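Peer 1: Predicted model and sequence below, questions to follow.
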Amino acid sequence: MAHTALDPAFRDLIDEHAPVRQAGSGFVFTEGPIWHPVEQHLLFSDMPGDVRRKLDRAGVREVMRPSNKGNGMTYDGDLNLLVCEHSTSSVARFRPDGTREVMCSRFEGRELNSPNDICVASDGAIWFTDPWYGRMPHYGVERPRELGFQGVYRMAPGHRPGDEPELMVDRFTFTQPNGLCFSPDERRLYVNDTEQANIRVYDIGRDGRLSNGRLFASGLRDSLLPGVPDGMKCDAQGNVWCCAPGGLWVYSPEGRHIGKVAIPELPANFHWGGEDWRTLYVCATTSVYAIPVKIGPRPEPFMRARGRAHARPREEGGGLRLDPERCALIIQDMQNDVVMEGGAFAASGSPNHCREQNAIANIARLAEHCRARGIPVIHVWFVRRADARDMTLNAPLFEGCVDANALVEGSWGAEPVPGLEAKPGDHVVRKARMSAFEGTPLERILKAEGRDILIETGAWTNMSIEHTARTGADKGYVMIIPEDGCSTMNADWHRASIDYAMQNVALVTRVEEVIDALR
């Protein structure tokens, strides 16, 4: 369906004919979408159905029932889930282990109406709106209101669970405050009002106080189309996207209405997602839709948590824990010419060091464990033409390969060592460089399999293994190096790489610890 550009600037944000794909349907009323930057899935609320659901590559499934009729959701900088709960009039925090804490539920001793939408500032402060939809039938639990107004609140940095929040606006400014968001520099806060059909903007001081409240956009109505102001977000350039009649209405930072994104059902909320943050997920009545866009979101604190969460996949207590659904095993250069007696490079000492490391048996044991857990096993073999016309002689390693007549396609030397042959279901990647990424389909395979944690094993610790680890780290993968699943020409070269360079780009461990981490 075609989207509407009211200003040429809109075409820089989204193609006018960008497809609107139905990613899931059959729900009651969807709300609160939020993308997990590490686990790469979308959480969303099915509010009247009292269910929280997850959307990922495997489809849609329930993750919580009942969900206290959760509405808006986000993550804080530590990837704790924050949920506006209609049934309990609370903002709740769910830690990754599932522990639930009530962050706030009362103001001036009275129950909040029903927290609706929520966002987190870079200083850790939590902001939310509090209309009374959650005290209406269908959307919540019908019950009397204890407050006589609908406000916008802030939980300051260091807020303790259970403490009361701060009211940040005049208590009679809003009729039904709903969506809210920050500008990219967090100098402005936008809040929309569903009943008044407008968006207000405030300046934010260094102390978090709001000032200079003013109308940013008005008249978010259409007599021919259903829809009201609801969820709202800023993109990376400061444009404001807001749920409105017929879809999403987009405003420039100056308040100029520049375009409309058409959605087949009544939209309630949306969020950016995907590995590159270029997919817009829209919760609209009975469905969730996915739309490719050209612009990403305002950087939020939880988005920066990706690196921290990836860097050390450990649990408290120090034990390594790995998610099998995110892992892939790479077995690199374990070929006869490289590590076997009689191979082209046997004189280098590599067969002896491979035996000292027990690398072949260790890798074979790890590969069998990975296959049993559904983890892709990817063999990377260095293979070249006999006439060397596919090789460049720009480095001693490549010159040495040709001079030694090594790793020639179809020869015994290029074959995998006994015990590490590819098995049905394994992937095989051929290369002619040190890094397994260079000029190969490796990354396409990883994307197709949905894997971002790479367990790398094989030969030439200080060359192929290290080069691949460096490239993988640069590309955003978590690199796991079980050092007794690697070998090179001698122990000194191995330790030099493991103890120095690898410490900066990978998590170095041992095969048995990886197997235990994948149980």
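Peer 2: Everything's here; your move. Numbering: from 1, shown residues only.
Peer 1: residue contacts, the closest residue to G140 other than its chain neighbours?
Peer 2: Here the nearest residue to G140 in space, its sequence neighbours aside, is G134; by CB to CB, 6 or more residues apart in numbering that works out to 3.2 Å. All C-beta spots, glycine's among them, are computed from the backbone N, C-alpha and C. Each residue near G134 by CB atoms under 8 Å, 6 or more residues apart in numbering is listed here: 69, 71, 85-87, 89, 113-116, 140-141.
Peer 1: Surely G134 is in a helix?
Peer 2: Yes: under DSSP: H, G, I helix; E, B strand; the rest coil, G134 falls within a helix.
Peer 1: which stretches of the stretch 201-350 of the chain form strands?
Peer 2: Under the criterion DSSP state E, counting those that start in this stretch, the stretch 201-350 of the chain carries strands at the ranges 210-217, 232-234, 240-244, 247-251, 257-262, 267-273, 279-284, 287-292, 327-332.
Peer 1: Out of those, which one sits most buried?
Peer 2: Of all these, strand 240-244 has the most neighbours on average by mean count of other CB atoms under 10 Å, namely a mean of 27.
Peer 1: now the angle from that strand to strand 279-284?
Peer 2: Our comparison of strand 240-244 with strand 279-284, counting by axes from the mean of the first three to the mean of the last three CA atoms, to 10 degrees, yields an angle of 30 degrees.
Peer 1: Grab the longest helix from this protein for me.
Peer 2: helix 359-372 (DSSP state H).
Peer 1: Now do the following helix or strand past it against helix 359-372, angle only.
Peer 2: With elements assigned by DSSP states H and E, the helix or strand that comes after helix 359-372 is strand 377-382. Strand 377-382 runs at 140 degrees relative to helix 359-372, counting by the same axes, to 10 degrees.
Peer 1: between strand 377-382 and strand 327-332, how many degrees?
Peer 2: 30 degrees.
Peer 1: Please identify the buried residues of the helix or strand following strand 377-382?
Peer 2: Sequence-wise, the next helix or strand downstream of strand 377-382 (DSSP H and E) is helix 396-403. By 16 or more other CB atoms under 10 Å, the buried positions in helix 396-403 come out as 398, 401.
Peer 1: Report how many residues lie close to the closest residue to C104 other than its chain neighbours.
Peer 2: In space, and not counting its chain neighbours, C104 is closest to P165: 4.8 Å by CB to CB, 6+ apart. By other CB atoms under 10 Å, 25 other residues sit near P165.
Peer 1: R154 is in contact with P165, correct?
Peer 2: Yes: between P165 and R154 there is a contact at 6.1 Å, judged by CB atoms under 8 Å.
Peer 1: Please, where are all the helices along the chain?
Peer 2: So, for the chain - with DSSP H - the helices run 305-311, 336-339, 350-357, 359-372, 396-403, 442-449, 466-474, 491-496, 502-505, 511-517.
Peer 1: Just put those helices in a markdown table and tack on mean pLDDT.
Peer 2: Compiled in a markdown table, the helices of the chain are given as follows (pLDDT from 0 to 100):
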| stretch | mean pLDDT |
| --- | --- |
| helix 305-311 | 43 |
| helix 336-339 | 96 |
| helix 350-357 | 97 |
| helix 359-372 | 96 |
| helix 396-403 | 88 |
| helix 442-449 | 91 |
| helix 466-474 | 95 |
| helix 491-496 | 94 |
| helix 502-505 | 92 |
| helix 511-517 | 94 |
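Peer 1: Nearest to G255, out of these?
Peer 2: Between G255 and the helices of the chain, the tightest spacing by CB to CB is seen for helix 305-311, at 31.9 Å.
Peer 1: What is the distance between stretch 282-301 and the centre of its chain?
Peer 2: From the chain centre to the centre of stretch 282-301 is a distance of 13 Å (CA atoms, centre = their mean, to the nearest Å).
Peer 1: And for stretch 376-387?
Peer 2: 32 Å.
Peer 1: Of the helices of the chain, which is nearest I199?
Peer 2: Once the helices of the chain are compared by CB to CB, helix 305-311 is nearest, at 28.6 Å.
Peer 1: on that earlier part again, with R61 as the reference, name the closest of the helices of the chain.
Peer 2: Counting by CB to CB, R61 lies closest to helix 442-449 out of the helices of the chain; the figure is 19.6 Å.
Peer 1: what bits of this protein have low per-residue confidence?
Peer 2: In the predicted model of the chain, residues 1, 305-319 satisfy pLDDT under 70.
Peer 1: one more time with 50
Peer 2: Where the chain drops to pLDDT under 50, the residues are 306-312, 314-318.
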